[in-house]
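**Q** my questions are about this predicted structure, shown below with the sequence.
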Amino acid sequence: LCQVCMGAGTLLLCGALVYKSVLAPVVDAEAAAMLHDLKQQKQQAQTIPGNFYDRNGIPLTQSHLEGEEGTLLYPETTSLLIGYNNQRFGASGLRKTCADTLYLRGEDVSLTLDIHLQEYAYSLLPEDACAIVLENTTGAILALASKSTVPFDANHLEESLAAANLEDGSLLVRGISEQDPPGSTMKILTTTAALEAERKSPGSITFLYDDNTPLVVPGRTMTIHNFDNENWGQLDLETAFTRSSNTYFANLVLQSGPDPLADLLERVGWGSPLPLDFCTLKSNIGDLSRPEELVQTSFGQGEVTITPLQLAATYAAYWNSDGAMMIPHLLSDTQPQVLCEAIASTSTLKTARSLLTAAAQKYGLTEETTRVTVGAKSGTAQCSGDRLHTWLVAGCDEGYTFLLSFSNGTSSAELYEPMKELISYTKALYPDGI
């Protein structure tokens, strides 16, 4: 053979080997995936989908036809959460998470949600807001209501998506997707870290503070002010907590240093993805070794951000007798899981509950107004674009934690009345607790 023919033969042989060893597996994998998708589509087209039910067996969707996703029976309050599964527009929400169960096996899905509580919580919300009710001892979600600036009805998908596309963020399930600074709701965690530091090293922390001037961060040019530049004079821990003094908690965290707070935040899952049975929660913590970041984090500003659901789950631990923090869940088949065995020692938990109860009294969340003994903390976080995010988290020994989050708020005081109503309604639904 001539050299040209031999060269050509070598090229052909090499080409064949490359195809067999490199390209063929890729092509085969793509073909297998395509075949799998076609089989699933055929199976889905021949299956009457399963339905969603709430914790009391009330149907949330209704399916009659093979290959159709069915109708939402409470579209205003569940469309964002349950979502859609559509050949043209894809899938979202629980219909995406539970697609195999619903559409391939035709099986029903039971949720921990109470639809009556979900509907009532939704009715209390302005636009860009969410409400959460959580079962403390198990992490079960009783309500996860989210209201957007654009009404969304998954029963009328094309029209709803067309309207939603005109405004960014209008399809967020705010309780699980929106991350913002926690504002002064962070102060219970700063307090917990400082109390634990003092317990381990008695005399290391001073809980009295003269709040007469802004606090200058040592070695830095940063100055910390209270809201509206208030100066509160001499403060003890309870007075500082109820008045929500930023300078007090900045001073407190400077005494304890970054390690106690960083350790606590790590144990409750802040700063790392937190996988749930229907989504993954995200949060962020800045570099606490930097004094300016540490002091801002102490009162819920700076780079720290959290989703409303993870904040509610963190607060729920304070109302469990053992201080255990449970991982939130929405599917009834999910077994309760502990994220943190004990958020703090027994003595620290007792002090923290006392502080939360004192703050709740200041907000008017009394036994007379809510029908239970409540502890709470409010917060107002400054966000980008001069937006204020207002928070109110409340809990009680009877088994619940409640959270209201207004993404475009004016003052945390605007949450006091709806919180009273949410707690009272829940107590009426569950007079003996959960």
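**A** Yep, that arrived.
**Q** now do stretch 225-235: distance from first to last residue.
**A** End-to-end distance for stretch 225-235: 15 Å, by CA to CA, to the nearest Å.
**Q** name the residues that touch it?
**A** Stretch 225-235 has contacts (CB atoms under 8 Å, 6 or more residues apart in numbering) with 208-214, 239-240, 243-248, 380. (Glycine included, C-beta is placed from N, CA and C.)
**Q** got a winner among these for most neighbours?
**A** Tyr248 (30 neighbours; other CB atoms under 10 Å).
**Q** spit out the contact partners of that one.
**A** Tyr248 neighbours (CB under 8 Å, 6+ apart): 209, 211, 232, 235, 240.
**Q** that one should be in a strand, yeah?
**A** No. Tyr248 is assigned helix when assessed by DSSP: H, G, I helix; E, B strand; the rest coil, not a strand.
**Q** spatially nearest residue to it (excluding sequence neighbours)?
**A** Here the nearest residue to Tyr248 in space, its sequence neighbours aside, is Ala240; by CB to CB, 6 or more residues apart in numbering that works out to 3.8 Å.
**Q** got phi/psi on that neighbour?
**A** The phi/psi pair for Ala240 (degrees, to the nearest 10) reads phi -60, psi -40.
**Q** closest to Pro181 among the contacts of stretch 225-235?
**A** Nearest to Pro181 out of the contacts of stretch 225-235 is Thr380 (CB to CB; 9.8 Å).
**Q** which strand or helix spans Asp259?
**A** Assigning secondary structure by DSSP states H and E places Asp259 in helix 258-267.
**Q** which stretches in the stretch 1-150 of the chain count as helices?
**A** 3-18, 24-45, 75-82, 93-97, 99, 115-123 (DSSP state H, counting those that start in this stretch).
**Q** chain center to the fifth one: distance?
**A** On the basis of CA atoms, centre = their mean, to the nearest Å, helix 99 sits 23 Å off its chain's mean C-alpha point.
**Q** so which elements touch it?
**A** Here helix 99 touches no other helix or strand, going by 3 or more CB pairs under 8 Å, 6 or more residues apart in numbering; DSSP states H and E.
**Q** for that helix, what is the average pLDDT?
**A** Mean per-residue pLDDT for helix 99: 94.
**Q** list the contacts of it.
**A** In contact with helix 99 (CB under 8 Å, 6+ apart) are residues 85, 91.
**Q** only C-alpha atoms, please: export stretch 112-129 in CSV.
**A** Written as CSV, here are the backbone C-alpha positions of stretch 112-129 (Å, rounded to 0.1, in the frame of the first residue of the first chain):
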residue,chain,number,x,y,z
THR,A,112,-49.0,19.1,56.5
LEU,A,113,-50.8,22.3,55.4
ASP,A,114,-54.1,23.3,57.0
ILE,A,115,-56.0,24.9,54.1
HIS,A,116,-58.3,26.8,56.4
LEU,A,117,-55.3,28.3,58.2
GLN,A,118,-53.6,28.9,54.8
GLU,A,119,-56.6,30.8,53.5
TYR,A,120,-56.9,32.9,56.7
ALA,A,121,-53.1,33.7,56.8
TYR,A,122,-53.3,34.8,53.1
SER,A,123,-56.2,37.1,53.9
LEU,A,124,-54.0,39.1,56.4
LEU,A,125,-51.3,39.9,53.9
PRO,A,126,-50.6,42.9,51.7
GLU,A,127,-48.7,42.5,48.5
ASP,A,128,-45.1,41.2,48.7
ALA,A,129,-45.6,39.5,51.9
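**Q** neighbouring contacts of it?
**A** Around stretch 112-129, the neighbours that count as contacts under CB under 8 Å, 6+ apart are 54-56, 58, 60, 74, 76-78, 131-133, 135, 140-149, 174, 329-332, 404-408, 418, 421-422, 425-426, 429.
**Q** tell me the mean pLDDT over that stretch?
**A** Rounded mean pLDDT across stretch 112-129 is 97.
**Q** sort out which residues of that stretch are buried, please.
**A** For stretch 112-129, the neighbour count (16 or more other CB atoms under 10 Å) marks 112-118, 120-125, 128-129 as buried.
**Q** quick one: which of the residues you listed is nearest Glu178?
**A** Asp128 (8.9 Å).
**Q** Asn284 contacts Val304, correct?
**A** Yes. Between Asn284 and Val304 there is a contact under CB atoms under 8 Å: 6.4 Å.
**Q** about what we covered before: please pick the buried ones from the contacts of stretch 112-129.
**A** By 16+ other CB under 10 Å, the contacts of stretch 112-129 give 54-55, 60, 74, 77-78, 131-133, 135, 140-148, 174, 329-331, 404-407, 418, 421-422, 425-426 as buried.
**Q** out of the contacts of stretch 225-235, which sit inside helices?
**A** 239-240, 243, 246-248 (DSSP state H).
**Q** farthest pair within those?
**A** Every pair of the ones in helices among the contacts of stretch 225-235 checked by CB to CB; the farthest is Thr239 and Asn246, at 13.9 Å.
**Q** before we move on, back to that, export the contacts of Tyr248 to a markdown table and tack on pLDDT?
**A** Listed next are those as a markdown table, based on pLDDT from 0 to 100:
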| residue | pLDDT |
| --- | --- |
| Tyr209 | 96 |
| Asp211 | 92 |
| Trp232 | 90 |
| Leu235 | 96 |
| Ala240 | 96 |
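**Q** farthest-apart pair in the residues you listed, please.
**A** Largest separation among the contacts of Tyr248 by CB to CB: Tyr209 and Trp232, giving 9.2 Å.
**Q** ok, back up a step: inside strands: which ones of the contacts of Tyr248?
**A** 209, 211, 235 (DSSP state E).
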